[in-house]
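Asks: Quick check, what structure comes out for this input:
(one chain, ligands or ions: 2)
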Amino acid sequence: MDKIIIEGGKRLEGSLPISGAKNAALTLVPCALLTEEPVTLRNLPRLADIDGFQHLMNQFGVSTTIAGSRPEDFGRVMTLQTPRLTNTTAPYELVRKMRASILVLGPLLGRAGEATVSLPGGCAIGNRPIDLHLKALEAFGATIEMTSGYVRAHAPDGGLPGGDFSFPVVSVGATENALMAAVLANGTSRLDNAAREPEIVDLCNLLVAMGAEIEGIGESLITVHGVKRLHGATYRVMPDRIEAGSYACAAAITGGDVTLTGANMKDMSATNHALRNAGVHVEEVKGGIRVYRDGPLKAVNLSTAPFPGFPTDMQAQMMALLAMAEGTSVLTETIFENRYMHVPELNRMGAHIETQGRTAIVHGATMLNGAEVMATDLRASMSLVIAGLCAEGETVVHRLYHLDRGYERLEEKLSLVGANIERVGGD
Ligand SMILES: CC(=O)N[C@H]1[C@@H](OP(=O)(O)OP(=O)(O)OC[C@H]2O[C@@H](n3ccc(=O)[nH]c3=O)[C@H](O)[C@@H]2O)O[C@H](CO)[C@@H](O)[C@@H]1O
Ligand SMILES: C=C(OP(=O)(O)O)C(=O)O
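Replies: Ligands and ions are numbered 1, 2, ... in the order given. Sure, this is the predicted structure:
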């Protein structure tokens, strides 16, 4: 298996391009199931998760063509077309590798009136149940059965009637599945306490471009008036706010000065606020965001929360940064019950971090040392890369498949700003 080797201590400087957002792309791609016309997605990141999703879509009879794939380009353009659904089952083999496959449930049900999707199961960061996805679809009139590890959903003859659902907990994926099911329902549906993440806004914008009628985009009460059919559209995937935040931490930990081209400031308020409190300068510049640091890093207390709160997907990267700050930072993870697996690995690099349940206490201003570390989940992997960039000596990050799910050609991007980083084939 490949590994990444980082020689720490290089100050990052220059410009680094931000890719299309993984978490937006994973909900935009299944929208192609909702129409027989072509849906073209621009700025789609080149990631293992997107390749996996493309494969899953092909199983349903979706044709996919890719343009703009010169090896030197970041991103690409994919056109998906579903003249006819040839299959409505998402098998265990594909869902197991990619949790976001559950996002085909809503659109398949909306278009075909039925869907069978393998239960995704838990993953490293937590149990991640899908009960709210199913309850929302039931509220719209679907019948749900569970058999042999699969969810089978059926709409009544004539399609889903639509209905109202209030989420007891904010869920990004359940809001997305519900929206994709509601757009083709016979009546009006209302989602209360819906997720307000920018990726949900991106999804709604594509659905509207396809002819959907949605009110309350970006708000916690969303109303969807079902339409008879949707048409094709061409749409540009939003920039990845988590990738941008991750590279902002990388720039900051090295005391660097990096412009994140293509990043969107307005999607990143909570992350930028935390960075500024930590003593990092974050400025909007033409075409992106400039991040630099010219003073010491300061301790910050943070609690993860649904948007517009501080994103759980930035917790691990910020923790690596705070390991080098003066003072003690207290981080609280409120979204996933097991999202501190980077802590023992960061401690092996010389950090002083203790965890007590959902709280992590980071005793900062430590000197980090390079070490061999094991990446356990996507953002945990990135926190180890960030730590490695400022550590003394060599850091070797093993198990790269997590990083490849969410960071497009990470080592190339970091090399562009002067990092001493390479990917090598391992045993
Ligand atoms: C592909 C994608 O977009 N992934 C993101 C998405 O994941 P995902 O959509 O899986 O996360 P959710 O927003 O659904 O999860 C939020 C919380 O709700 C709980 N829950 C969720 C669904 C459900 O049916 N029942 C339930 O109890 C979860 O266990 C978790 O505690 O949002 C998370 C929270 O911002 C991010 O960390 C992930 O990167
Ligand atoms: C947890 C994440 O993704 P996923 O939901 O795809 O596992 C993430 O992007 O940090």
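Asks: quick one, helices of the stretch 201-350 of the chain?
Replies: In the stretch 201-350 of the chain, the helices defined using DSSP state H, counting those that start in this stretch lie at 241-253, 269-277, 315-322, 342-348.
Asks: Kindly present those helices as a markdown table, with separate columns for mean pLDDT.
Replies: As requested, the helices of the stretch 201-350 of the chain are arranged in a markdown table below (pLDDT from 0 to 100):
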| stretch | mean pLDDT |
| --- | --- |
| helix 241-253 | 98 |
| helix 269-277 | 98 |
| helix 315-322 | 98 |
| helix 342-348 | 96 |
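Asks: Dump the helix or strand of the chain with the lowest mean pLDDT to CSV, restricted to CA.
Replies: Least confident element among the helices and strands of the chain, by mean pLDDT, DSSP states H and E: helix 92-97 (a mean of 90). In CSV, the C-alpha atoms belonging to helix 92-97 read as follows (Å, rounded to 0.1, in the frame of the first residue of the first chain):
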residue,chain,number,x,y,z
TYR,A,92,-23.7,-4.3,-0.2
GLU,A,93,-20.4,-4.5,-2.1
LEU,A,94,-20.6,-0.9,-3.2
VAL,A,95,-22.4,0.6,-0.3
ARG,A,96,-20.0,-0.9,2.2
LYS,A,97,-17.1,1.0,0.6
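Asks: Residue 94 reaches residue 102, doesn't it?
Replies: No: the pair residue 94 and residue 102 fails to qualify as a contact (C-beta atoms under 8 Å) at a distance of 11.1 Å. In short, each C-beta sits where N, CA and C put it, glycine included.
Asks: How many neighbouring residues does the residue in the chain that ligand 2 sits nearest to have?
Replies: With distances taken as C-beta to the nearest ligand atom, the chain approaches ligand 2 most closely at residue 313, which sits 4.0 Å away. Burial measure for residue 313: 25 neighbouring residues, criterion other C-beta atoms under 10 Å.
Asks: mind listing what it touches?
Replies: By C-beta atoms under 8 Å, 6 or more residues apart in numbering, residue 313 lies in contact with 23, 242, 379.
Asks: count of residues packed around the first one?
Replies: The burial count assigned to residue 23 is 24, neighbours taken as other C-beta under 10 Å.
Asks: Need the three-state assignment for it.
Replies: helix (DSSP: H, G, I helix; E, B strand; the rest coil).
Asks: Skip the chain neighbours and tell me the closest residue to it.
Replies: In space, residue 23 comes closest to residue 199 once its chain neighbours are excluded; the distance is 4.8 Å by C-beta to C-beta, 6 or more residues apart in numbering.
Asks: Helix or strand: which one has the one you found?
Replies: Under DSSP states H and E, the secondary-structure element containing residue 199 is helix 198-209.
Asks: list the buried ones in stretch 291-303?
Replies: Buried residues in stretch 291-303, defined by neighbour count with 16 or more other C-beta atoms under 10 Å: 291, 292, 293, 297, 298, 299, 300, 302.
Asks: Closest to ligand 1 out of these?
Replies: Closest to ligand 1, out of all of these and judged by C-beta to the nearest ligand atom, is residue 302, at 14.7 Å.
Asks: Quick check: beta-bridge partners of the closest one?
Replies: When bridges are taken as DSSP bridges, the partners of residue 302 come out as residue 331.
Asks: just residue 144 next, same as before
Replies: The residues that residue 144 bridges to, once DSSP bridges is applied, are residue 153.
Asks: same deal with residue 282?
Replies: residue 291.
Asks: hang on, it packs against residue 274?
Replies: No: the criterion here is C-beta under 8 Å, and residue 282 misses it with residue 274 at 9.8 Å.
Asks: quick one, which of the two is more surrounded?
Replies: residue 274 (25 against 21).
Asks: who's in contact with that one?
Replies: With contact set as C-beta under 8 Å, 6+ apart, residue 274 has these partners: 300, 302, 310, 314, 318.
Asks: which of those sit farthest apart?
Replies: Greatest spatial distance in the contacts of residue 274: 300 and 314, 12.0 Å, computed using C-beta to C-beta.
Asks: For the residue nearest to residue 151 when sequence neighbours are not counted, what is the enclosing helix or strand?
Replies: Residue nearest to residue 151 in three dimensions, not counting chain neighbours: residue 117, with 5.2 Å by C-beta to C-beta, 6+ apart. Using DSSP H and E, residue 117 sits in strand 114-118.
Asks: Show me which positions of that strand end up buried.
Replies: Going by 16+ other C-beta under 10 Å, strand 114-118 has these buried residues: 114, 115, 116, 117, 118.
Asks: Report the angle between the very next helix or strand once past it and strand 114-118.
Replies: Sequence order places helix 131-139 as the next helix or strand after strand 114-118, per DSSP H and E. Angle of helix 131-139 versus strand 114-118, following axes from the mean of the first three to the mean of the last three C-alpha atoms, to 10 degrees, is 170 degrees.
Asks: What is helix 131-139 packed up against?
Replies: The elements that helix 131-139 packs onto, with contact taken as 3 or more C-beta pairs under 8 Å, 6 or more residues apart in numbering; DSSP states H and E, are helix 105-112, strand 143-147, strand 150-154, strand 164-166, helix 172-182.
Asks: Please see if the fourth one touches ligand 1.
Replies: No: counting by C-beta under 6 Å from any ligand atom, ligand 1 is not contacted by strand 164-166; separation bottoms out at 11.7 Å.
Asks: How about the residues of the protein by ligand 2?
Replies: 23, 99, 100, 125, 313, 378, 379, 406.
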